[in-house]
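Q: Dropping a prediction and its sequence here:
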Amino acid sequence: MVKISVLQHAPSAHLPQRPGDPTPTSRNLDPLMHPFARARERTRALNAAKMERMFAKPFVAALEGHVDAVETMARKPDTLDVVASGSWDGGLIVHDVSRRTKAFYNDQAHKGKVSGVCFGQEGRLLSCGVDRNIKLWNTERSLDDENGAGPSQRKPVSIFPGKSAFNSIDHHRYDPLFATGSNLVQVWDETKSAAVSNLTLPTSTETVTAIRFNLSEASVLASIGSDRSFTLYDIRTGKAERRIIMQMRSNSLSWSPTFPTTVLLASEDHNLYTFDIRSLNNPTQIYKAHVAAVMSCDWSPTGLEFVSGGWDRTVRVWKEGRGSAPEVYHTKRMQRVMSTVYTGDARFVLSGSDDGNVRIWKAHASDKLGIITARERAAIEYRESLKARWKADAEVSKISRVRHLPKPVYKAAQLKRTMLEAQRVKEERRRKHTRAGENKPKAERKKVVIAEQS
Amino acid sequence: MDALVAKADAIKPLFKKRKTAHDARPKAGPSKKPSHNPTTTSVSQHTALPRSLRPSSPPPEDAKKYNHIHNKKLRTQLTRQSTQNARAKKLVKDAELLLTEDAGLMEVEGELEKTWRVGQDEIMGAAGQQAAQGRQEWKLDGGPYRTRYTRNGRHLAVVGKKGHVATFDWQAGTLHTELQLGETCRDITFLQDHSHFAVAQKKYVFIYDRDGVELHKLKSHIEPTRLEFLPYHWLLVSVGNAGYLKYQDTSTGQLVVEHRTKLGACHTMCQNPHNAVIHLGHQNGTVTLWTPNLPHPAVRLLAHLGPVASVSVDPSTGGRYMATAGEDGTVKVWDCRNWKGAVRTWNSRGGNAILDWSQKGALGVATGGSVNVYTKPSIQTPFAAVVPPPLYLTHPIPHRPLTSLRFCPFQDILTIGHSAGVSGILVPGSGEPNFDSSEADPFENKKARREREVKNLLDKVQPDAITLDPDFIGSLAPTPKLTTAVNSSHDIPYARLPRHERLRVSGRADETEDGDNDAVGNDEDDDGQKKRPLTKADKEKKKMRGKNKSLKRYLRKQRKNVIDPRAVAVRAKLEKEREQRRKAQAIASGAEQPHKPSALDRFKRPS
């Protein structure tokens, strides 16, 4: 007796039951059923990398209003899109970024440059300038202001006169306190007209260029100065706690929002440095890509990325811990980028430059704005994982790595590379011709800090 | 910064909201551990991994450990990867749940019963109504027929020698098109799906759409005999009477490459579905394997002592086995990893066999007036004797010649093209029961077909990625055989070596030359005197004058540092002369006896 059975597919299992139902699918994961799976996946990864570059249109909009270079910007804490900017002509604007309108405007906030702005509690805005004044503004629209001539005519709520031109200002996260940097570091109370205390190290004769309060330990204050120093203060003890002197001066600093002991410094030597304040003798990471001094930096609220703007007319968006190959943004008309800031949703980056514009960029160049359906989201995530998986492939990595740069930047980078290489070779030859062990190579990270004081 | 952060930690926060959050956190640190680190305590609540990112389950035990790696980032990444791999491996077992359908089979109970005794009527009786549809007899005029299925097995194309072409959905019984082309047609193939097909006609290849409208005349394919379509590369391959193998990209219309086989007219072609290599069988008995990126065959194999009649590749083992049939009447099964001799050879009655291999590894052999089917373990195990393997199924067909044999994908059907039309027989257990909808779906609707066409176009693999080993993409590059350094003693690249060194490395340097200066002149100063430096008088005395000078100059002039046969011959002659001189001297001094002539000298070769 022979047992016979012949394969037959039941159509009911493979066809939709009712019209309009989705067609049932079946799966067989046997690799023989999927020939060229790897080759096809690589093609898909290649396409994903190409699509990312095709959709990379980072520029969103430019916010006009300043007559001169935008010197400083600050985001209002606890909001996504309210950003204040101050310029060299003394103008002060609070932008509503999502509506692209001005929530507050004063074209003569200070005489001369507005050197620092920051937000206090409940919509209060503090600005300092080279006219030796700190002004406190109320940006909230109040009832008695409605019948006035508009937001531009608002008067400051109070004025704090100082002794010298201010360079920077930052507000305490919880208390009505703020700190300023001029030729000394001072702490002020919003309710008192004179400085509460003076924190400067007795030996220092620097000009303080920027100060920032730590975001989690709100009474820790950091400053950078023109004598190449980075100093940490505690406003409760009222003393400078620790100070390092570096090879070159820094232009900007920013505390990490998620990792309280991490601080980011934008340096004059074209690099950015992150320091862990628990060990200040060397930076945790050096970020190299700018071809001129880095003028500003700001962390993303996620703490995974940060943005920097440079004298080389580019904005760069970095990943934390990855010291090279950042995303680079540039336009033909953007001049030296003096200030950069992340929006609160970490999706956009704002840059203020010498040409008087505040530009809005996407934080990820190829992000889609607008509503993304679930299918599209799944496709995007699949493409991301494909790129991550095939990143070692020469073609895929080349497509996602190569960026077009303006010719001056490209040439400057080339020149810089040549010079550094020549320096390295020279150093190597010098070492070769000195007695063995006399001239040891020094790690790049150990060269940054010259002296540490506490 | 310890002091600072510790001090910062000692201060109570100012806001109520923050206070509660601060107090809510478990105060594990100071109470449990005697060594209290203020920095850690201060930082921990801000730096802890968010709950959503914490690993939900412990990693499996068989995940590889990377404790020896110092770099923390790399170690974390590798550990995560190996954990994921281990988890994925465990999940693969669950995927067997997806295989819902059972393969067909034919089994006997006793020793005396044989499956090949079972006829088609009996199989049809046992088969379900749907499956029995596959038993077909289409009586058609117009010469021997060739057939081809689409990849999902739903649609069938037939072409008669005299120009009758038809494509139809054989399950639904709907005819897509029927053409009378009125000229010799030699082969037919579907392109990406049933919406296009190509016909090898008398002079050129023509592409038609589903409705039979002629879309393209491919004038570069002249007198084609066989066609193949590589679905993942979108390449239409043809070989013709002139012996040119041509690859045409059907997505861009470009003729990718044409190879001159130099082996005359070719009537046999098949593709390996797993690496897209084209197998050709030639008139002189060789089988050649071709890829677009090589101008010569990747493999050349002398398979038969006469023209090759048919070639087929086994899809069930990833293209590991190839079967060939020759006009000498033998059928051979080859292992594509090791070409030293066939795995199994047998003689088929009736000569000139046509072969096809099914998805599950059943080999159909059509010879003379019957079709025989052999199954897997026996045809692929090495067996020295030239006897046919155990027969699985046989079916007589009275219409000679049998010209084509195709197994239907995802069905237990074997379709035979012959001189009186096309017939289909049931072969239980030949088809893969579980199809994958993402690759080939017999039940797909119009929308799914369109989507698949677009997706496949996006995933098109480039033609130069075709190699014998399809897994080379994404694998590590082998270490290059050619390094710049010559060998372990030189670290100078070959091109920068001096000429003599280069010759020495490549084995062409004339190493004997240094010796022959003294070989010519050193007859008298052999022994004893070597250590003492020669005085000027000695040098003058030993200086060679006159003797054999022209020959020496000739040798010196000929010194090219390359082994030259003439220089070698001259050197050998010199050597011989020197030997004779030495012998004469030895005889004269009485050290040696002169050679006595013997009777056997007449057999000596004159030298």
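A: Yep, it's here.
Q: In the chain, where's the longest helix?
A: The chain I'm using is chain A. In chain A, with assignment by DSSP state H, the single longest helix is helix A:407-432.
Q: that's the wrong chain, I meant chain B
A: Criterion DSSP H: the longest helix present in chain B is helix B:565-589.
Q: helices or strands up against that one?
A: Judged by 3 or more C-beta pairs under 8 Å, 6 or more residues apart in numbering or on different chains; DSSP states H and E, helix B:565-589 is in contact with helix B:513-521, helix B:549-557. Bear in mind the C-beta positions are built from the backbone N, C-alpha and C, glycine included.
Q: mean pLDDT for these: which is lowest?
A: For the helices and strands packed on helix B:565-589, mean pLDDT drops lowest on helix B:513-521, to a mean of 45.
Q: And the next helix or strand past it?
A: Using DSSP states H and E, the helix or strand that follows helix B:513-521 in sequence is helix B:536-542.
Q: ok and the residue in the stretch 501-607 of chain B nearest chain A?
A: For the stretch 501-607 of chain B, the residue closest to chain A is residue B:501, as judged by C-beta to the nearest C-beta, at 26.5 Å.
Q: sec struct for that residue, please.
A: helix (DSSP: H, G, I helix; E, B strand; the rest coil).
Q: Run a quick neighbour tally on it.
A: Close neighbours of residue B:501, defined as other C-beta atoms under 10 Å in any protein chain shown, add up to 15.
Q: Okay, strands next: where are they in the stretch 201-350 of chain A?
A: A:208-213, A:220-225, A:229-234, A:239-246, A:250-255, A:262-267, A:271-276, A:285-288, A:294-299, A:305-310, A:315-319, A:327-329, A:337-342, A:348-353 (DSSP state E, counting those that start in this stretch).
Q: Identify the residues contacting residue 101.
A: Since you didn't name a chain, this refers to chain A. Counting by C-beta atoms under 8 Å, 6 or more residues apart in numbering or on different chains, residue A:101 touches residue A:95.
Q: let's do chain B instead
A: Taking C-beta under 8 Å, 6+ apart as the test, what residue B:101 contacts is A:7, A:9, B:433-434.
Q: out of these, who's nearest residue A:395?
A: Ranked by distance to residue A:395 (C-beta to C-beta), those are led by residue B:434 at 35.0 Å.
Q: does the closest one really touch residue B:100, like I thought?
A: Yes. With contact defined as C-beta atoms under 8 Å, residue B:434 and residue B:100 form a contacting pair (6.9 Å).
Q: Who has more neighbours out of those two?
A: The residue with more neighbours, out of residue B:434 and residue B:100, is residue B:434; 18 against 12, by other C-beta under 10 Å.
Q: Assumed the more buried one was part of a helix.
A: No. If the criterion is three-state DSSP, then residue B:434 is coil and not within a helix.
Q: any idea how far it lies from residue B:101?
A: To residue B:101, residue B:434 is 5 Å away according to C-beta to C-beta, to the nearest Å.
Q: Kindly tell me how buried residue B:539 is, as a neighbour count.
A: The number of residues near residue B:539, taken as other C-beta under 10 Å, comes to 10.
Q: residues contacting the residue nearest to the spatial centre of chain A?
A: Nearest residue to the geometric centre of chain A (C-alpha atoms, centre = their mean): residue A:307, 2.3 Å. Neighbouring residues of residue A:307 by C-beta under 8 Å, 6+ apart: A:297-298, A:300, A:315-318, A:340-342, A:349, A:351, A:363.
Q: nearest to residue B:65, of these?
A: Relative to residue B:65, the closest of the contacts of residue A:307 is residue A:318; by C-beta to C-beta it sits at 32.5 Å.
Q: Out of the strands of the stretch 201-350 of chain A, the one nearest residue B:316 is which?
A: The closest of the strands of the stretch 201-350 of chain A to residue B:316 is strand A:315-319. By C-beta to C-beta, the value is 47.2 Å.
Q: Which residues does that closest one contact?
A: For strand A:315-319, contacts defined as C-beta under 8 Å, 6+ apart pick out A:272, A:287, A:289-290, A:304-310, A:326-330, A:334, A:337, A:340, A:349, A:351, A:361, A:363-364.
Q: Among these, the buried ones, what's the ChimeraX command?
A: In ChimeraX, a selection of the buried entries from the contacts of strand A:315-319 looks like this (16 or more other C-beta atoms under 10 Å in any protein chain shown):
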select /A:272,287,289,290,305,306,307,308,309,310,326,327,328,329,330,334,337,340,349,351,361,363,364
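Q: Now do the shared contacts for residue B:434 and residue B:100.
A: residue A:26.
Q: quick one on the thing from earlier: now do the longest helix of chain A against strand A:305-310, angle only.
A: 100 degrees (axes from the mean of the first three to the mean of the last three C-alpha atoms, to 10 degrees).
Q: mind listing what's buried in helix A:407-432?
A: A:409, A:412-413.
Q: tell me how far the strand or helix carrying residue A:12 is from the chain's mean position?
A: Assessed by DSSP H and E, residue A:12 sits inside helix A:11-14. With C-alpha atoms, centre = their mean, to the nearest Å as the basis, helix A:11-14 stands 56 Å off its chain's centre.
Q: do stretch B:421-428 as well
A: In terms of C-alpha atoms, centre = their mean, the centre of stretch B:421-428 is set 32 Å apart from its chain centre.
Q: ok, now stretch B:571-580?
A: On C-alpha atoms, centre = their mean, the centre of stretch B:571-580 falls 56 Å from that of its chain.
Q: With stretch A:337-349 instead?
A: 6 Å.
Q: moving C-terminal of the longest helix of chain A, what's the next helix or strand?
A: By DSSP H and E, the next helix or strand past helix A:407-432 is strand A:449-453.
Q: tilt between that following strand and strand A:271-276?
A: Strand A:449-453 and strand A:271-276 are oriented at 30 degrees to each other (the same axes, to 10 degrees).
Q: Give the other helices and strands that strand A:449-453 contacts.
A: Packing contacts for strand A:449-453, counted by 3+ C-beta pairs under 8 Å, 6+ apart, involve strand A:239-246.
Q: helices or strands up against the strand it packs on?
A: Secondary-structure packing of strand A:239-246 (3+ C-beta pairs under 8 Å, 6+ apart): strand A:229-234, strand A:449-453, helix B:2-10.
Q: how many other residues sit next to residue 60?
A: You didn't say which chain, so I picked chain A. Count around residue A:60 with other C-beta under 10 Å applied: 16.
Q: Sorry, I should have been clearer: chain B.
A: Neighbours of residue B:60 (other C-beta under 10 Å): 14.
Q: which residue packs closest to residue B:60, ignoring adjacent ones?
A: Of all residues not flanking residue B:60 in the chain, residue B:86 sits nearest, at 4.4 Å (C-beta to C-beta, 6 or more residues apart in numbering or on different chains).
Q: any weak-confidence spans in the stretch 451-600 of chain B?
A: For the stretch 451-600 of chain B, the stretches with pLDDT under 70 are B:480-491, B:510-532, B:543-549, B:556-562.
Q: who in it is up against chain A?
A: By the rule C-beta under 8 Å from any C-beta of the partner chain, the part of the stretch 451-600 of chain B lying against chain A is B:458-462, B:465, B:470-471, B:473-474.
Q: Quick one: buried ones out of the residues you listed?
A: Buried subset of those (neighbour count, 16+ other C-beta under 10 Å): B:459-462, B:465, B:470, B:473.
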